[in-house]
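>>> Need the 3D shape of this:
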Amino acid sequence: MKSSVLRTLVTLGLSAFSSVALLAQDRMCATIPFDFTIGAKSLAAGKYCVKQAHESIVHIENVDNRSGIFAMTLNAEPNKRPGNATLTFHRYGNTYFLARMADGTSGRQFFTSVAEKELIAKASSPQPKTERTIVASK
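Now for the predicted structure:
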């Protein structure tokens with residue numbers, strides 16, 4: 001009885017560990033040369049690593065100071081060219097919002113923040129934003 005319980009616990013522990021190891025493979029890193037926003041959080045320019053922490057949750061970590069945040073995402077199209085990992089930002093003047101991350105096999109889209117919605121509402125033209133894409137390494 002004890003050995004069966006122990007075997008079950010070890011199996012569950014190993015399966016949880018292997019899931020974490022698989023998620024860590026989706027990590028992409030890039031140097032972001034400008035300050036940007038995700039949700040309600042503003043992040044300084046620097047080197048960041050982004051990885052899927054759960055099916056719909058992404059972890060964004062500043063490599064230099066080890067600070068990070070978690071953000072909810074939606075499924076998005078992968079990049080058209082396999083092997084290219086990218087982070088895409090929406091730009092309004094000098095304000096950037098992380099909008100999307102993708103590689104050749106999968107993509108994640110970030111929710112539009114309240115601050116970004118406010119900028120869209122204040123804009124005088126129907127297409128106020130531009131996009132800036134940064135190539136990331138896997």
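>>> The helix or strand hosting residue 50 packs against which elements?
Of the helices and strands defined by DSSP states H and E, residue 50 is found in strand 46-52. Applying 3 or more C-beta pairs under 8 Å, 6 or more residues apart in numbering; DSSP states H and E, one finds that strand 46-52 makes contact with helix 2-24, strand 28-32, strand 57-62. Yep, even glycine has a C-beta here, placed from its N, CA and C like the rest.
>>> switch to 6 Å and redo it
Here strand 46-52 touches strand 28-32, strand 57-62, going by 3 or more C-beta pairs under 6 Å, 6 or more residues apart in numbering; DSSP states H and E.
>>> and residue 137, how many neighbours?
10 (other C-beta atoms under 10 Å).
>>> Contacts only, for it.
Contact analysis of residue 137 by C-beta atoms under 6 Å, 6 or more residues apart in numbering lists residue 29.
>>> for residue 30, same thing?
Contacts of residue 30 (C-beta under 6 Å, 6+ apart): 87, 134, 136.
>>> same question, residue 50
So residue 50 contacts 28, 60, 101 (C-beta under 6 Å, 6+ apart).
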